[in-house]
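>>> Just the structure for this:
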Amino acid sequence: MPTPRENTGPAPRLTFPRRLRLQHAREFKAVRDAKLRKSSGPISLSLRPNGLDHPRLGLSISRAVGGAVRRNALKRAIREAFRLTWRSWPTADGASFDMVVSSRAHEPLTLDQYAEILGSLVASALREAGRRDGRRASDGAGG
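As a prediction, the model looks like this:
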């Protein structure tokens, strides 16, 4: 058993680099066009497989949520929840996904609550994607 001073390997850097972000309107549109959406409380998630080894996050927070200060605070909280938890999320057959998070107006939640909501939405969306793929495979095999 390692002692507290022993290094068991480098800890993963918990940063939010560009490779983890959706940056172009065409990327947001592709995720929305995939039509795989889940909602929980004030948060809605659109998901699409991306073929990469890591998920990418896009945020779409409307003015209905509030002024710029409130919208930016919400975006920071969701980004932080994503940054801290994405490594523990399940993947779809080893592949990862692009996701667009949107929100309705609500009272601010804690970081842990946002992380829990995102994790449950991702798991639910991946189960739905698996069911859809299973239906497509069985539809194609029968004809």
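
>>> mind listing what's buried in stretch 39-59?
42-50, 55-59 (16 or more other CB atoms under 10 Å). Every residue, glycine included, has its C-beta placed from N, CA and C.

>>> SS state for the spatially most central residue of the chain?
In the chain, the centroid-proximal residue (CA atoms, centre = their mean) is M99; its distance is 4.8 Å. Classification of M99 using DSSP: H, G, I helix; E, B strand; the rest coil returns strand.

>>> Grab the nearest non-local neighbour of it.
L47 (5.1 Å; CB to CB, 6 or more residues apart in numbering).

>>> Could you list which residues are in contact with that neighbour?
Counting by CB atoms under 8 Å, 6 or more residues apart in numbering, L47 makes contact with V31, A34, L36, R37, K38, F97, D98, M99, V122, A125, L126, A129.

>>> rerun at 6 Å
Going by CB atoms under 6 Å, 6 or more residues apart in numbering, L47 touches L36, F97, M99, A125.

>>> Validate this expectation: S39 resides in a helix.
No. Assignment of S39 by three-state DSSP gives strand, placing it outside any helix.

>>> quick check, the residue nearest to M99 in a strand?
Yes. Counting by three-state DSSP, one finds L47 located in a strand.

>>> quick one: it from A25, how far?
18 Å (CB to CB, to the nearest Å).
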